[in-house]
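In: Sequence plus predicted model, see below.
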Amino acid sequence: MAGVLVRRAASYGIDAPYVPAGFGVGALSCLIATTLTDGPLPVVLAAALVLCAVIYLHATLRGKFATWEQVLDELRLRGDEQLLDLGCGRGAVLLAAAKRLSRGGHAVGIDLWRSVDQSGNDIETTRENAAAEGVLDRVQLRTGDMTGLPFLDDSFDLVLSSLAIHDIPDADGRALAIREAVRVLRPGGRVALADIRFGRQYAAALTELGMTDVRRHRLGWRMWWSGPWTATTLVTARKP
């Protein structure tokens, strides 16, 4: 059922763990400031930072899973797809998609495996998660850069990405990642890219590359990364 959480057998860590840690340090600093100044402002700021941390942790520990289950429902996979997850991390999206594959379907995850992007981000951890979720036979993990994918043209039916492309620091690099995603797609293949920034850029790049049915919409409060000012946008498109 769309949006309903299923029991997760694996551990997926925390996205960008320095962010909620920063909220916690900021809240503690505000509380310390109450001993040095009069007035309610430090307490109000501390409460706001704690609320941001709570919303963030909900998104990373629960909200993104429910949201991606709904996104995958809407993609209506047949089960025999060859799919690629860009910046797969510990496998939250990759393995959820792999569970929907039947005989002949295959899911590939590629990542640089940086712990700054996700706590405990390591290829062996993701492999263990795949085994725990019962999909190791349908999953392949690769180390690589999404701006230069080590795959042939027309290799995949579906390219997914969640909260990864924005880590590329420059617009040209992000555009190259989009170009690579389109390159490895087969005709009729689809992309579904979820990110907290640059959704408009992704949609424009996909349109420029000749993709059809390009759509962009926000995914709702479950993927707010501290509040509505850091909402997640989903961009989808199809290769003609």
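Out: Okay, I see it.

In: so residue 163 touches residue 88, yeah?
Out: No. Using CB atoms under 8 Å, residue 163 is not in contact with residue 88, being 10.9 Å away. To be clear about C-beta, it is placed using only N, CA and C from the backbone, and glycine gets the same treatment.

In: Looking at these two, which has the bigger crowd around it?
Out: Under the neighbour definition other CB atoms under 10 Å, residue 163 and residue 88 were set side by side, and residue 88 has more, 29 against 25.

In: how about the more buried one, what does it touch?
Out: 94, 109-111, 126, 141, 164 (CB atoms under 8 Å, 6 or more residues apart in numbering).

In: where do the strands sit along this structure?
Out: For the chain, the strands defined by DSSP state E occupy 82-86, 106-111, 139-143, 156-162, 185-195, 212-218, 233-238.

In: Which of those strands sits closest to residue 45?
Out: Among the strands of the chain, strand 212-218 comes nearest to residue 45, with 27.0 Å by CB to CB.

In: starting at the chain centroid, how far to that closest one?
Out: The offset between the C-alpha centroid of strand 212-218 and the centroid of the whole chain comes to 17 Å, using CA atoms, centre = their mean, to the nearest Å.

In: Sheet partners, orientation included, of that strand?
Out: strand 233-238 (antiparallel) (DSSP bridges).

In: what's the angle from the strand it pairs with to strand 185-195?
Out: 170 degrees (axes from the mean of the first three to the mean of the last three CA atoms, to 10 degrees).

In: Strand 233-238 to strand 156-162, inter-axis angle?
Out: 170 degrees.

In: Columns distance to residue 175 and mean pLDDT on top of the strands of the chain, output as a markdown table?
Out: Output for the strands of the chain, formatted as a markdown table (distance: least, CB to CB, whole Å; pLDDT from 0 to 100):
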| stretch | distance to residue 175 | mean pLDDT |
| --- | --- | --- |
| strand 82-86 | 14 | 97 |
| strand 106-111 | 18 | 96 |
| strand 139-143 | 22 | 96 |
| strand 156-162 | 14 | 97 |
| strand 185-195 | 13 | 97 |
| strand 212-218 | 15 | 97 |
| strand 233-238 | 13 | 98 |
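
In: Present those as TSV; the columns should include mean neighbour count.
Out: What follows is the strands of the chain, written out as TSV (neighbours: other CB atoms under 10 Å):
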stretch	mean neighbour count
strand 82-86	26
strand 106-111	24
strand 139-143	16
strand 156-162	24
strand 185-195	20
strand 212-218	13
strand 233-238	22
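
In: how about those strands in a markdown table, adding distance to residue 122?
Out: As requested, these are exported to a markdown table (distance: least, CB to CB, whole Å):
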| stretch | distance to residue 122 |
| --- | --- |
| strand 82-86 | 16 |
| strand 106-111 | 9 |
| strand 139-143 | 10 |
| strand 156-162 | 18 |
| strand 185-195 | 22 |
| strand 212-218 | 31 |
| strand 233-238 | 27 |
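
In: Now do the phi/psi pair for the residue of the chain most remote from its centre.
Out: The centre of the chain is farthest from one residue, residue 38, which by CA atoms, centre = their mean lies 42.5 Å away. Note on residue 38: its backbone torsions stand at phi -90, psi 160 [degrees, to the nearest 10].
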